[in-house]
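Q: got a predicted model here, sequence first, then my questions.
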Amino acid sequence: MVKVLHTSDWHLGARLYERPRLDEAEFFLKWLRDFIREEEVNILLVAGDVYDSSLPPGEAVGLYYNFLSELFRENGERVRRGEFKVVIIGGNHDSPLRLEGPGEFLRLGGVEVFGRWGEGLTPPGPVRIRVGGERVSIHPFPYIAPHEALGKAPRWNEEEREEYAKVLSEAMERSVEEGEDVRICLSHLWVEGLQGGGSERSLEVGGLGQLPLSALPTCDYFALGHIHSPTSVSDRVHYSGTPYPLTFREAEVRRRVILWSPGEGAASVEVPLFRKLIRLEGSQQEIMERSWLEDLRGALLEVTVHLKGPEPGLNERIRKSLGERGAEVLAVVPLFERRERRREMRSTLLKPLEVFELCWKEEHGAGPPREIRDLFLNLLREVGE
């Protein structure tokens with residue numbers, strides 16, 4: 001029985017508040033390699049957004065190729081017998097040329113990479129594999145923007161949206177018609193009506209790049225990427241989501257991959273968490289009290305502090321205190337108490353310092369501290385020079 005493992009949106013090279021996430025990505029890829037070996041997976045699917053940008057850092061590129069190299073080292077014999085394949089497609093974050101560049105070389109190791117569609121909206125593939133008595137075809141549909149699919153400049157209207165869905169649906173259907181006994185589709189797109197996880201980059205203005213579920217061709221399993229939260233659209237259509245949270249908001253949802261087989265259907269598999277992402281919000285006292293109730297060792301923190309007015313040195317104090325608990329504070333966000341503003345109208349022109357002091361008082365209820373006032377005067381002098 002063929003076993004298929006569906007992953008997506010690795011976003012190698014991603015940062016959170018400028019902090020690299022490579023340690024978390026490396027942990028996931030090691031876990032993934034172990035899982036493939038233990039479960040004897042036959043097909044690994046990566047449904048787009050391998051990288052976080054079209055120009056990923058060298059460390060992220062190295063991590064990607066090291067993973068594929070180790071995967072071949074462990075599964076080389078199965079590759080030679082035709083019983084193991086890796087199929088990767090490009091997403092809206094990826095550079096098609098970067099992904100496809102070493103394609104011929106990767107194919108020797110059982111890795112098939114598809115970054116773009118062919119001329120005349122011809123889908124690449126399919127990829128065929130036979131495991132036991134089951135003949136399987138994988139139909140890759142990389143991300144393609146509406147204006148590329150239609151071959152013209154975008155008009156951003158409902159008519160074009162319907163046309164995009166129609167031509168893409170027909171092209172995918174033609175590919176699937178040439179499939180084997182078990183047909184698996186792989187794409188990077190946004191199914192109409194679904195909510196994202198929070199950090200997805202909009203595919204097109206006004207939802208033009210979204211497709212209705214009815215536009216997807218009929219197949220045994222449809223593996224999707226782009227939406228970062230694990231989402232089951234139907235019994236046969238699934239998003240696996242990102243393998244680790246890319247934002248603090250996404251940390252609220254457990255990360256998963258999907259293991260599928262024709263006989264057993266889709267099973268959700270939880271990905272172990274390498275590092276916690278925690279949000280702390282409240283007054284300084286409330287934040288400190290909560291920090292003692294949680295295990296912060298190794299965690300990344302986003303701290304929002306409720307304040308009545310500015311407190312010089314607050315950032316450093318918060319970072320030092322929570323750092324001593326073993327956490328890494330990525331951001332300290334001051335949230336000031338809202339005040340009713342009463343702007344005085346004056347008939348005379350105000351000097352820059354007077355404007356600054358008036359605005360500060362309106363925002364914080366009192367004039368600026370001496371050190372803040374001195375910093376502003378220094379800034380004025382530098383601008384004047």
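A: It's in.
Q: from now on I want contacts and neighbour counts done on CA atoms only, so please keep to that.
A: Fine.
Q: buried residues, the strand or helix carrying Glu162. List them.
A: For Glu162, the host element (DSSP states H and E) is helix 158-177. Residues 160-161, 164-165, 167-169, 171-173, 175-176 are the ones in helix 158-177 that count as buried (16 or more other Cα atoms under 10 Å).
Q: got it, and stretch 16-33?
A: Neighbour counts over stretch 16-33 (16+ other Cα under 10 Å) mark 21-22, 24-26, 28-29, 32-33 as buried.
Q: and stretch 55-72, by the same measure?
A: Applying a neighbour-count criterion of 16+ other Cα under 10 Å, one finds 56, 60-61, 63-64, 67-68, 71-72 buried in stretch 55-72.
Q: next one: stretch 112-123
A: 112-117, 121-123.
Q: next, format those as a markdown table and append secondary structure.
A: As requested, the buried residues of stretch 112-123 are exported to a markdown table (DSSP: H, G, I helix; E, B strand; the rest coil):
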| residue | secondary structure |
| --- | --- |
| Glu112 | strand |
| Val113 | strand |
| Phe114 | strand |
| Gly115 | coil |
| Arg116 | coil |
| Trp117 | coil |
| Leu121 | coil |
| Thr122 | strand |
| Pro123 | coil |
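Q: and the two most separated of those?
A: Greatest spatial distance in these: Glu112 and Leu121, 19.3 Å, computed using Cα to Cα.
Q: tell me who's in contact with Ser240.
A: Ser240 makes contact with 6-8, 223-225, 228-231, 256-258 under the criterion Cα atoms under 8 Å, 6 or more residues apart in numbering.
Q: count the neighbours of the residue lying closest to Glu163 once chain neighbours are set aside for me.
A: Nearest residue to Glu163, sequence neighbours excluded (Cα to Cα, 6 or more residues apart in numbering): Leu150, at 8.0 Å. Per other Cα atoms under 10 Å, the neighbour tally for Leu150 reads 17.
Q: try Tyr221
A: The tally of other residues near Tyr221 (other Cα under 10 Å) stands at 23.
Q: I'd like the next helix or strand past the longest helix anywhere in the chain.
A: What stands out as the longest helix in the chain, according to DSSP state H, is helix 58-80. Next along the chain after helix 58-80, taking DSSP H and E as the criterion, comes strand 85-89.
Q: quick one: contacts of whichever helix or strand comes after that following strand?
A: The helix or strand immediately downstream of strand 85-89 is helix 96-100, counting by DSSP H and E. With Cα under 8 Å, 6+ apart as the contact definition, helix 96-100 has outside contacts at 54, 90, 113-116.
Q: now do the buried residues in helix 96-100.
A: Quick answer for helix 96-100 (16+ other Cα under 10 Å): 96, 99-100.
Q: same check, this time on stretch 373-385
A: Buried residues in stretch 373-385 (16+ other Cα under 10 Å): Phe376.
Q: quick check: angle from whichever helix or strand comes after the helix holding Glu162 to helix 158-177?
A: Beyond helix 158-177 on the C-terminal side, the first helix or strand identified by DSSP H and E is strand 182-188. With axes from the mean of the first three to the mean of the last three Cα atoms, to 10 degrees as the basis, strand 182-188 and helix 158-177 are set at 150 degrees to each other.
Q: packing partners for strand 182-188?
A: For strand 182-188, the packing partners by 3 or more Cα pairs under 8 Å, 6 or more residues apart in numbering; DSSP states H and E come out as strand 43-47, strand 85-89, strand 134-141, strand 221-225.
Q: how big is the angle separating it from strand 134-141?
A: On the basis of the same axes, to 10 degrees, strand 182-188 is oriented at 20 degrees to strand 134-141.
Q: shaky segments in the stretch 251-385 of the chain?
A: In the predicted model of the stretch 251-385 of the chain, residues 338-349, 384-385 satisfy pLDDT under 70.
Q: end-to-end on stretch 256-276?
A: Separation of the first and last residues of stretch 256-276 by Cα to Cα, to the nearest Å is 15 Å.
Q: again with stretch 283-297
A: This stretch, stretch 283-297, spans 22 Å end to end (Cα to Cα).
Q: then stretch 279-287?
A: Where stretch 279-287 begins and where it ends lie 10 Å apart, using Cα to Cα.
Q: what sits up against that stretch?
A: The contact list for stretch 279-287, computed with Cα under 8 Å, 6+ apart, reads 248, 290, 301-307.
Q: if you set the cut-off to 7 Å instead, what comes out?
A: 248, 301-307 (Cα atoms under 7 Å, 6 or more residues apart in numbering).
Q: for it, buried residues please.
A: In stretch 279-287, counting by 16+ other Cα under 10 Å, buried: 279-281, 283, 287.
Q: same deal with stretch 234-254?
A: 236-246, 248, 250-251, 254.
Q: for Ser187, give the beta-bridge partners.
A: Beta bridges link Ser187 to Phe141, Leu224 when assigned by DSSP bridges.
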